[in-house]
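*Asks:* just need the structure, nothing else, for what follows:
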Amino acid sequence: MHILSMAISSDGKYLATGDQNKLILIWDAASCQHLYTFKGHKDAVSGLSFRKGTHQLYSASHDRSVKVWNVDQNAYVETLFGHQDAITGLDSLSRERCVTAGGRDRTVRVWKIVEEAQLVFHGHESSIDCIQLVNEEYMVSGGDDGSLALWTVTKKKPLVTVSKAHGIHGDPAIQQPYWITSVAALLNSDLIASGSHNSKIRLWKCGEGFKTLEPLFDIPMVGFVNCLKFSSSGDFLVAGMGQEHRLGRWWRLKEAKNGICIIPLKKTPPKQQSEDNM
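*Replies:* Numbers count the residues shown, from 1 in each chain. Below you'll find the predicted structure:
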């Protein structure tokens, strides 16, 4: 069983895992006891997210669909269609909606569950491989065009796009940008992280009005940064590292190790005004 996605409910009761075998497994988070298996996707389950404050679960798959589940009742709710390629990422917060990255259909979509409607966003030049909500109004995405994009759910184009966000590699005649393999946002803040395979995680600050993205500093890593997640407190960043890209075996970094890295983050207090300025 190759796990591709994972989510935990905000109250810590349930853990959900999605795998390459088209299955979603529901676990008791405290005891790690297997509770249910959800079947219905026709391809690998690439994204999972619990709606914040509830046990409603959203799932995304390479079969191009989004499904909604009620975990308390061990029940399937509905299926949403629209993407034209394998869905590569999914996220949600407390509103009854979720956002997805549509891989090579080059769209980001916001799904309004109650209205059974979707909003379609365009901006990347190639496959969109990861997406994360910053808050209920803004989201960040990354793709294999090497760009990092910041969006608002009220506009169909990115507010800002950083091209070659992790630099370029290869011989001068055939240089390519490093693919963005993962993104994360510290919820309801201006802090974003992006990962690639260029031996670093890069942290970014969203400018005023979310109209700019400014690099802050880099964290050295070895391998593909296939997954990123901030702790709710912002005290640490978790990175899922791999020898290969999570979406395919294009090449392998032998010096890397498959595993999880926990990176402590230190909060710097605001500079105190000098006595002369007080």
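*Asks:* now the chain, which segments are flagged as low pLDDT?
*Replies:* 1, 246, 248-251, 269-278 (pLDDT under 70).
*Asks:* hmm, try it at 50
*Replies:* 272-278 (pLDDT under 50).
*Asks:* what about residue 100, neighbour count?
*Replies:* Residues near residue 100, counting by other Cβ atoms under 10 Å, number 29. (C-beta placed from N, C-alpha, C; glycine too.)
*Asks:* how about residues contacting the host helix or strand of it?
*Replies:* Take DSSP states H and E as the rule and residue 100 turns out to sit in strand 97-101. Contact partners of strand 97-101, identified using Cβ atoms under 8 Å, 6 or more residues apart in numbering, comprise 47, 49, 51, 58, 60, 66, 83, 87-92, 108-113, 128-131, 133, 139, 141, 143, 153.
*Asks:* cool, stretch 223-233 as well?
*Replies:* 181-187, 191, 193-197, 201, 236-246, 253, 255-258.
*Asks:* filter those to the buried ones?
*Replies:* Burial of the contacts of stretch 223-233 was assessed by neighbour count (16 or more other Cβ atoms under 10 Å); the buried members are 181-187, 191, 193-197, 201, 237, 239-246, 253, 256.
*Asks:* inside helices: which ones of the residues you listed?
*Replies:* With helices taken from DSSP state H, there is no overlap with the buried ones among the contacts of stretch 223-233.
*Asks:* which residues touch residue 177?
*Replies:* 145, 146, 147, 163, 164, 165, 166, 167, 168, 169.
*Asks:* right, and the third one touches residue 129 too?
*Replies:* Same thing as residue 147. No. The criterion here is Cβ atoms under 8 Å, and residue 147 misses it with residue 129 at 10.9 Å.
*Asks:* excluding chain neighbours, what is closest to residue 90?
*Replies:* residue 47 (3.0 Å; Cβ to Cβ, 6 or more residues apart in numbering).
*Asks:* what's the helix or strand for that neighbour?
*Replies:* strand 45-50.
*Asks:* relative to strand 97-101, how tilted is that strand?
*Replies:* 150 degrees (axes from the mean of the first three to the mean of the last three Cα atoms, to 10 degrees).
*Asks:* list the helices and strands strand 45-50 packs on?
*Replies:* Where contact means 3 or more Cβ pairs under 8 Å, 6 or more residues apart in numbering; DSSP states H and E, strand 45-50 is packed against strand 3-8, strand 14-19, strand 56-61, strand 89-92.
*Asks:* the closest residue to residue 235 other than its chain neighbours: neighbour count?
*Replies:* Computed as Cβ to Cβ, 6+ apart, the closest residue to residue 235 that is not its neighbour in sequence is residue 265, at 6.1 Å. By the criterion of other Cβ under 10 Å, residue 265 has 17 neighbours.
*Asks:* got a list of what residue 265 touches?
*Replies:* Applying Cβ under 8 Å, 6+ apart, the residues contacting residue 265 are 234, 235, 236, 237.
*Asks:* for residue 263, see how far away the first one is.
*Replies:* Meaning residue 234. Residue 234 sits at a distance of 12 Å from residue 263 (criterion: Cβ to Cβ, to the nearest Å).
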